[in-house]
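K.L.:
Quick one: sequence plus predicted model below, questions after.
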Amino acid sequence: MTRPDFHFIARLTLRTAGRGMSDFTGELRRMLREHGAGDGLVTLFLRHTSASLTIQENADPDVRADLLDALDRLAPQDGPYRHTVEGPDDMPAHIKTVLSGVSLAIPVEAGEPLLGTWQGVYLVEHRARPHRREIVAHFIGSGPKP
């Protein structure tokens with residue numbers, strides 16, 4: 001087994017349109033290609049507390065709509081929250097982030113994320129208004145072939 005001899009850290013910036021799921025699988029693939037990733041692991045970390053990351057079905061948009069609706073039922077906007085200074089959607093967004101998480105680890109082979117046939121990588125925006133979100137990616141593994 002060869003040991004990892006290559007790594008990089010990169011940032012992806014995504015602009016959201018407000019509540020919803022943004023597929024950034026293409027941007028992830030492009031970043032891995034541009035940095036010369038070979039075989040290894042990419043870790044993604046979202047630098048925010050009111051949005052999250054997930055791997056989810058990319059074929060039927062009803063799946064994503066149902067997931068957003070389910071999160072709204074788990075953390076309704078009209079809950080009895082103490083933290084309200086940033087608006088009524090802020091505390092529910094923090095709760096949804098706790099439930100769904102801000103990091104992912106994805107195996108990579110020959111520069112391609114090893115996702116399943118129907119899987120995409122998504123940023124989940126839990127706030128109502130648009131935001132600029134930053135994802136830090138750290139790849140460790142093998143680099144470009146000589």
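P.N.:
Everything's here; your move. Numbering: from 1, shown residues only.

K.L.:
that's a strand at residue 117, yeah?
P.N.:
No - per DSSP: H, G, I helix; E, B strand; the rest coil, residue 117 lies outside any strand segment and is coil.

K.L.:
Residue 100 against residue 71, yeah?
P.N.:
Yes - with contact defined as Cβ atoms under 8 Å, residue 100 counts as touching residue 71 (7.4 Å). For the C-beta atoms, the positions are set from N, CA and C on the backbone; glycine is no exception.

K.L.:
Tell me where this structure has strands.
P.N.:
6-15, 20-23, 40-46, 51-57, 103-109, 112-113, 119-125, 132-141 (DSSP state E).

K.L.:
Of those strands, which is nearest residue 94?
P.N.:
strand 51-57 (10.1 Å; Cβ to Cβ).

K.L.:
Put the alpha carbons of the closest one into CSV.
P.N.:
Output of strand 51-57 as CSV, limited to C-alpha atoms (Å, rounded to 0.1, in the frame of the first residue of the first chain):
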residue,chain,number,x,y,z
ALA,A,51,-26.6,25.8,6.7
SER,A,52,-25.4,22.2,6.3
LEU,A,53,-23.9,19.7,3.9
THR,A,54,-25.5,16.4,2.8
ILE,A,55,-25.2,13.7,0.2
GLN,A,56,-28.6,13.0,-1.2
GLU,A,57,-30.6,11.7,-4.3
